[in-house]
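A.B. asks: I'll drop the sequence and a predicted model, then ask my questions.
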Amino acid sequence: MPIIKTQTDCSLSPKALFIKDFNIAIATDNIDFLTNHVTDSLEWHIIGDKVIRGKKAFQKELQHMISHEIDELIIQQIIINEKEAAANGTMTMNSGTTYAFSDFYTFHSTSEKAISGITSYIIKLD
């Protein structure tokens, strides 16, 4: 189980808490939680690498990511507005390699916690 650290207060915003939980689900390989909270037409742009389109492709990518175990996740910031969110932090893999990340999320609507778009920037630090 990875070490999870949050350097931002999510207690006042249900969507901020949801984004925190979404990031923790990635670190803990909770594929069910992740796929239950994205739309069928999700587009995930991993800048400089690939674009994943659709819930099934998203699930397949998550299955592939399981082999890259995360030892520590630090969520430094979560920013929310009505239909968009952003989170950034670092993740250290079991290999010792650390990555900085910034993820930008688009919600399907202002009232739902279903994500329809993700843009991810990932930079290797070590």
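C.D. replies: Thanks, I have the structure now.
A.B. asks: residues touching N30, list them.
C.D. replies: N30 is in contact with I24, counting by CB atoms under 8 Å, 6 or more residues apart in numbering. Placement of C-beta: from N, CA and C, glycine included.
A.B. asks: Quick check: buried residues in the strand or helix carrying T92?
C.D. replies: Assigned by DSSP states H and E, T92 belongs to strand 84-93. The neighbour-count criterion (16 or more other CB atoms under 10 Å) identifies 85, 87-93 as the buried residues of strand 84-93.
A.B. asks: The helix or strand just after that strand: partners in the sheet, and parallel or antiparallel?
C.D. replies: Once the chain leaves strand 84-93, the next helix or strand it forms, by DSSP H and E, is strand 98-107. Its sheet considered, strand 98-107 pairs with strand 84-93 (antiparallel), strand 115-124 (antiparallel) by DSSP bridges.
A.B. asks: and T6, which of those is closest to it?
C.D. replies: Minimum separation from T6 across the strands paired with strand 98-107 (CB to CB) falls at strand 84-93, 8.5 Å.
A.B. asks: And the closest one, how far out from the chain middle?
C.D. replies: Distance of strand 84-93 from the chain centroid (CA atoms, centre = their mean, to the nearest Å) equals 7 Å.
A.B. asks: which residues touch that strand?
C.D. replies: If you take CB under 8 Å, 6+ apart as the criterion, strand 84-93 is touched by 7, 15-16, 19-20, 23, 27, 68-79, 98-107, 125.
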